[in-house]
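**Q** Need a 3D model of the following:
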Amino acid sequence: KDVITLFEGLFRAAPKYESDRKINQKILWRKVCPGKMYNDNKMRSLMNRLLDLAEQFIAHSDLASNKIKQDQVILRYCADNTLHTHFKTVLKRIERIESESHFKDADYFYNQYQKEVSVSSLVTKDVSSEVKKIYNERGDQNFQKILESIDAFYLVEKFKYICQILNHQIVFNQDCEIFLLEEILSKLQKDEPIEEILLKLQKDEPTILAIQMYYNIFQFLKDDSNEKSFQTVKNILEENFIFSDKEAEKNIYSYLINYCAIKINQNHNQNKYNKILFNLYKITLNQELLFHEDGNLGIDTFKNIVTLGLREGECDWVEDFIHSYIAKISEIEVESVKNYSLAKVHFYKQEYTEAARLLAYTSCNRIFYKIDTKKLKIQIAYETEDSEVLENTLNSLYQQIHRYQDELTENPFNANKNFVKFMRSLIR
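**A** This next block holds a predicted model:
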């Protein structure tokens, strides 16, 4: 009863306990033990008991939400206690869930491994005819299946985290040693083709898509000229691929998006990769994969979608996107972002007066928005033949990009410098 009262007092102050001065141990004590003198030892004991119960609740909730994890626990219990009749029932239940799995990821193979270990445990402890029947029905390949499932689990997990490390290295320019990478690649690249290894690991599957996908992501992250691997991953996703793990799906799409951005920045087949990137943004928007944990959309991502959509001639779609998703930006300058984005739409529609009007209400402190606002103002001035505004804004932009040179990477700095040079050549 005391623990329940303590929980209710804490729950009312959740989640910002530190900022709530109305709650501390002595105040909680008066609620738990009214009229009694404060006892620090008892209070600590109650809090420790509540913590134990909270941890048990977390563990129970996780188990309760995962049917196959529950069945694995029951299967292992049945094996340890030689309950072969119920073991067979639970085993069939697990295998039915496995057969319905759309995406054979690391969890799928780990569950297979756990299942086969339980089968092995039962066979070791019980040599009755019933157990032999279970074993024989499975083709007498229990140990082989243990090895195959653990190998598949290892490869999927290994390549999944290798991809995360490589992506981190690309973004932050940091090196990280990857244990056994060369040995694994040597096996995959020299001894046998990836397709043959996949067939050996899972004989009832033409390929293990999870391994194939992460292996190809690794290839194009390691070498951005490897467009074939990029296309392979893209093709797998386009075949109505269904993920069981939302976070894995989000990461895989982010690898594709980053790859397209790299190719565009390299000026490599820009029209092709603009189109691919815009379609990837559409897909990830529809599947709610672009949002942060708080449900908001990054301001730079918002800007990229607007820019790409306009390049693809999707003015109406972009305008609808701006009005639909502007509330998802958690920035104090959201109104400026909206005005700038709509100004770009009106510019592409050749509605220069409205574009200039909206741009006048744009005041964003982010470097790229500052620079791009001036660039848009220059483009409007050029189209409307306002030579004074054009010349003044070009001079201002030139000074601005050199002022922020240390904060810009090489490609954006050169691209903006070339923009000024090109515009000046047009007006001479």
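**Q** For this structure, give me the ranges with low pLDDT.
**A** Within the chain, the stretches with pLDDT under 70 are 14-22, 102-103, 126-127, 129, 131-140, 171-208, 240-244, 331.
**Q** longest helix of it?
**A** Longest helix in the chain by number of residues, with DSSP state H as the criterion: helix 142-172.
**Q** Pull out the buried positions in that one.
**A** Within helix 142-172, the residues that count as buried by 16 or more other C-beta atoms under 10 Å are 142, 145-146, 148-160, 162-163, 165-167, 170. Glycine gets a C-beta too; all of them are placed from N, C-alpha and C.
**Q** could you say what helices and strands it packs with?
**A** Packed against helix 142-172 by the contact rule (3 or more C-beta pairs under 8 Å, 6 or more residues apart in numbering; DSSP states H and E) you find helix 106-125, helix 181-186, helix 194-201, helix 209-222, helix 246-265.
**Q** what comes up buried for the first one?
**A** Neighbour-count burial for helix 106-125, counted by 16+ other C-beta under 10 Å, picks out 106-123.
**Q** Other residues contacting it?
**A** Around helix 106-125, the neighbours that count as contacts under C-beta atoms under 8 Å, 6 or more residues apart in numbering are 68, 72, 75-76, 78-80, 82, 84, 87, 91, 94-95, 98, 101, 131-132, 134-135, 138, 142-143, 145-146, 149-150, 152-153, 156-157, 160, 210, 244-245.
**Q** go again using 6 Å as the cut-off
**A** Identification of contacts with helix 106-125 by C-beta atoms under 6 Å, 6 or more residues apart in numbering yields 68, 72, 75-76, 79, 82, 87, 94, 101, 131, 135, 142, 145-146, 149-150, 152-153, 156-157.
**Q** Tell me where the stretch 1-150 of the chain has helices.
**A** Here the stretch 1-150 of the chain has its helices, by DSSP state H, counting those that start in this stretch, at 2-13, 25-32, 40-64, 67-80, 84-99, 106-125, 129-137, 142-172.
**Q** So what touches the third one?
**A** When you say that, I think you mean helix 40-64. Residues outside helix 40-64 that contact it (C-beta under 6 Å, 6+ apart): 2-3, 6-7, 25, 29, 69-70.
**Q** Count the neighbours of Arg424 for me.
**A** For Arg424, the neighbour count with other C-beta atoms under 10 Å is 14.
**Q** Not counting residues beside it along the chain, what's closest to it?
**A** Nearest non-adjacent residue to Arg424, counting by C-beta to C-beta, 6 or more residues apart in numbering: Leu394, 6.3 Å away.
**Q** If you count neighbours, what's buried in the host helix or strand of that neighbour?
**A** If you go by DSSP states H and E, Leu394 is part of helix 387-403. Neighbour-count burial for helix 387-403, counted by 16+ other C-beta under 10 Å, picks out 390, 393-394, 397-398, 400-401.
**Q** counting contacts, what elements does it pack onto?
**A** If you count contacts as 3 or more C-beta pairs under 6 Å, 6 or more residues apart in numbering; DSSP states H and E, helix 387-403 packs onto helix 367-383, helix 410-427.
**Q** from these, which stretch is densest packed?
**A** The highest mean neighbour count among the helices and strands packed on helix 387-403, using mean count of other C-beta atoms under 10 Å, belongs to helix 367-383: a mean of 19.
**Q** tilt between it and helix 410-427?
**A** On the basis of axes from the mean of the first three to the mean of the last three C-alpha atoms, to 10 degrees, helix 367-383 is oriented at 10 degrees to helix 410-427.
**Q** neighbouring contacts of helix 367-383?
**A** With C-beta under 6 Å, 6+ apart as the test, helix 367-383 has contacts from 340, 352, 355-356, 359, 362, 389-390, 393-394, 397, 404, 407, 416, 423.
**Q** Equivalent analysis for stretch 25-32, please.
**A** Stretch 25-32 has contacts (C-beta under 6 Å, 6+ apart) with 2, 5-6, 9, 38, 43.
**Q** and those residues, which are buried?
**A** Applying 16+ other C-beta under 10 Å to the contacts of stretch 25-32 flags 6, 9, 43 as buried.
**Q** tell me the contacts of the second one?
**A** In this structure, Gly9 makes contact with 28, 31, judged by C-beta under 6 Å, 6+ apart.
**Q** quick one on the thing from earlier: go through the contacts of stretch 25-32 and say which is closest to Asp294.
**A** Among those, Gly9 lies closest to Asp294 (C-beta to C-beta), at 27.7 Å.
**Q** unless I'm mixing things up, Lys338 is touching Ile326, no?
**A** Yes. Look at Lys338 against Ile326 with C-beta atoms under 6 Å: they come within range, at 4.9 Å.
**Q** Looking at those two, which one has more neighbours?
**A** Lys338 (19 against 16).
**Q** got the contact list for that one?
**A** Contacts for Lys338 (C-beta under 6 Å, 6+ apart) come out as Ile326.
**Q** could you redo the last one with a cut-off of 7 Å?
**A** 322, 326 (C-beta atoms under 7 Å, 6 or more residues apart in numbering).
**Q** Which phi and psi values does it adopt?
**A** Torsion angles at Lys338 (phi, psi; degrees, to the nearest 10) stand at phi -60, psi -50.
**Q** Distance of it relative to Lys303?
**A** Lys338 sits 11 Å away from Lys303, going by C-beta to C-beta, to the nearest Å.
**Q** cool, and Phe57?
**A** Phe57 is 43 Å from Lys303, where distance means C-beta to C-beta.
**Q** So between these two, which is more surrounded?
**A** Using other C-beta under 10 Å as the criterion, Phe57 and Lys303 rank with Lys303 on top: 20 against 10.
**Q** Tell me what angle the helix or strand that one falls within forms with helix 367-383.
**A** Taking DSSP H and E as the definition, Lys303 sits inside helix 299-311. Interaxial angle, helix 299-311 versus helix 367-383 (the same axes, to 10 degrees): 30 degrees.
**Q** can I get the CA coordinates of helix 299-311 in CSV?
**A** In CSV, the C-alpha atoms belonging to helix 299-311 read as follows (Å, rounded to 0.1, in the frame of the first residue of the first chain):
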residue,chain,number,x,y,z
ILE,A,299,14.3,22.2,-41.3
ASP,A,300,17.0,21.2,-43.8
THR,A,301,15.0,18.2,-45.0
PHE,A,302,12.0,20.4,-45.5
LYS,A,303,14.1,22.8,-47.6
ASN,A,304,15.6,19.9,-49.7
ILE,A,305,12.1,18.5,-50.5
VAL,A,306,10.9,22.0,-51.6
THR,A,307,14.0,22.5,-53.8
LEU,A,308,13.8,19.0,-55.4
GLY,A,309,10.1,19.2,-56.0
LEU,A,310,10.4,22.5,-57.8
ARG,A,311,13.3,21.2,-59.9
